[in-house]
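>>> This is a predicted model, with the sequence first.
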Amino acid sequence: MLASIHVTIEEIKSAQKVMEDKKWYYTNRHGRQVDVGERMRRILRSVEDCAKIVDVAIQHHPEITALVWAGARFILMVGHYSSDFC
């Protein structure tokens, strides 16, 4: 049983290494490496907070704006949920 626990731990470490290798980074102007996925998650969270305000604002004239906003909102939701899996 102890051997199977060690094998499981090694498999988890191996999977973590693979995921770490797949991350995208860039170097900012201060010379620091920035995780692109984490940066996008923070941006999406901020936009999601503002989106709630827009949801209320478009109710004034929803004829056209609701269609446009629905498309934008869908893209935001897909980006938000897909960032949870990256």
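Nice, thanks for sending it over. Numbering: from 1, shown residues only.
>>> Low-confidence stretches in this protein?
For the chain, the stretches flagged by pLDDT under 70 are 1-2, 80, 82-86.
>>> Could I get the full set of helices for it?
Taking DSSP state H as the test, the helices found in the chain are 2-22, 36-57, 62-83.
>>> burial count for the closest residue to residue 66 other than its chain neighbours?
Distance criterion C-beta to C-beta, 6 or more residues apart in numbering; nearest residue to residue 66, sequence neighbours excluded, is residue 58 at 5.8 Å. The way it works is simple: take the backbone N, C-alpha and C, and place the C-beta from them, glycine included. When counting by other C-beta atoms under 10 Å, one arrives at 18 neighbours for residue 58.
>>> Residue 58 against residue 67, yeah?
No - shown here, residue 58 and residue 67 do not form a contact pair, counting by C-beta atoms under 8 Å, at 9.9 Å.
>>> Out of the helices of the chain, which gets nearest to residue 28?
helix 36-57 (9.6 Å; C-beta to C-beta).
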